[in-house]
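S.K.: pasting the sequence and the predicted coordinates here, then a few questions.
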Amino acid sequence: MVVAFRRSDPQRVTTCAVFSSPHSGAHYPDRFMAASRLGAAEIRTSEDMFVDQLFASVPQQGAPLLSSVYARAYVDLNRAADELDPALVAGVRQTGINPRVAAGLGVIPRVVSEGREIRNGKITLEAARERIEAAYWPYHQTLRGLLDEQRERFGMAVLFDCHSMPHEALAAAPLVGTRRPDVILGDRFGMACDRWIMDGAAAAFMAQGFTVARNAPFAGGHITRHYGRPSKNQHALQIEIDRALYMDEARQVKRPDFEEVRRRIGLVAADLAALVRPNAALAAE
């Protein structure tokens, strides 16, 4: 049986941060691939390849790291469980207009990047629910548990939701000075976390030479929206990193300087953990 996630815990928790990489999973069940009209390389274009590796040093900073095992093309953990696509799942009726579902990007995706259809025909509602039970709920139950533990331990919890974005997506991003951003931070325009967390995270990335934009074109998805509850001392910040910084997107391999980028991201992660450590300590006293 395939586990739904990997959880890396520190020897001792010293910060109220939790790091999550929900789109770095690369497990494609055999039956799923047999029904797909896409080849292995095409179907992997939706993955946040190597993001879990970029943040692998997080436990050394006293924070847990949760990462997915199942691929995003199989189940998208950054969607609500009821975002089912009637064009893909038989027996589902459309209720209202959901632009993500309409685009084929529901919790059970119909397409990967560039709108390429994953399969011909529909799947049953039972099959969709089986995927959600196997891959979706175990991840979210564990993530919720980690955040609850941090709030109980420190009085607050801060989720850093880690993603990557295709370089071409930056065409829609605003210029930062004369440059496109390397990193886009999303807090749902201030709804998902307090301002000092956003400001501190931006400063941490800029200190390592990254160009940072906020909330455009990515303000945060379901995870940021669902878990970011500042009024309950639970905050969430989405991090999107340009894939071209650390990988060859066409060949789906790491760039020669991958380890240097990982080192810099590791320094950022250390700053993020430290950012929320003093506040957590004060809350716990």
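M.R.: It's in. Numbers count the residues shown, from 1 in each chain.
S.K.: got any ranges where the chain has weak pLDDT?
M.R.: For the chain, residues meeting the criterion pLDDT under 70 lie at 278-285.
S.K.: would you map the strands across it?
M.R.: Secondary structure of the chain (DSSP state E): strands at 5-8, 17-21, 65-68, 157-165, 183-186, 212-214, 234-242, 247-248, 253-254.
S.K.: most packed of those?
M.R.: The highest average neighbour count among these, using mean count of other C-beta atoms under 10 Å, belongs to strand 17-21 at a mean of 28. From N, CA and C alone the C-beta is placed, and that goes for glycine too.
S.K.: what about that one, distance to the chain center?
M.R.: Distance, stretch centre to chain centre, for strand 17-21: 9 Å (C-alpha atoms, centre = their mean, to the nearest Å).
S.K.: what pairs with it, parallel or antiparallel?
M.R.: strand 65-68 (parallel), strand 157-165 (parallel) (DSSP bridges).
S.K.: measure residue 91 to residue 83 for me?
M.R.: Distance from residue 91 to residue 83, counting by C-beta to C-beta, to the nearest Å: 15 Å.
S.K.: of all the strands paired with strand 17-21, which one comes closest to residue 32?
M.R.: Evaluated over the strands paired with strand 17-21, closeness to residue 32 peaks at strand 65-68, with 14.9 Å, by C-beta to C-beta.
S.K.: alpha carbons of that closest one, in PDB - could you do that?
M.R.: Output of strand 65-68 as PDB, limited to C-alpha atoms (Å, rounded to 0.1, in the frame of the first residue of the first chain):
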ATOM      1  CA  LEU A  65       8.100  19.200   6.700                       C
ATOM      2  CA  LEU A  66       5.100  17.500   5.000                       C
ATOM      3  CA  SER A  67       5.300  16.500   1.400                       C
ATOM      4  CA  SER A  68       3.000  14.600  -1.000                       C
END
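S.K.: neighbours of residue 172, how many?
M.R.: The number of residues packed near residue 172 is 10, by other C-beta atoms under 10 Å.
S.K.: one more: residue 179?
M.R.: Residues near residue 179, counting by other C-beta under 10 Å: 11.
S.K.: quick one, what contacts it?
M.R.: Going by C-beta atoms under 8 Å, 6 or more residues apart in numbering, residue 179 touches residue 211.
S.K.: okay, and the beta partners of the residue nearest to residue 151 when sequence neighbours are not counted?
M.R.: If the residues on either side of it in the chain are set aside, residue 151 comes closest to residue 157, at 4.8 Å by C-beta to C-beta, 6 or more residues apart in numbering. Beta bridges link residue 157 to residue 234, judged by DSSP bridges.
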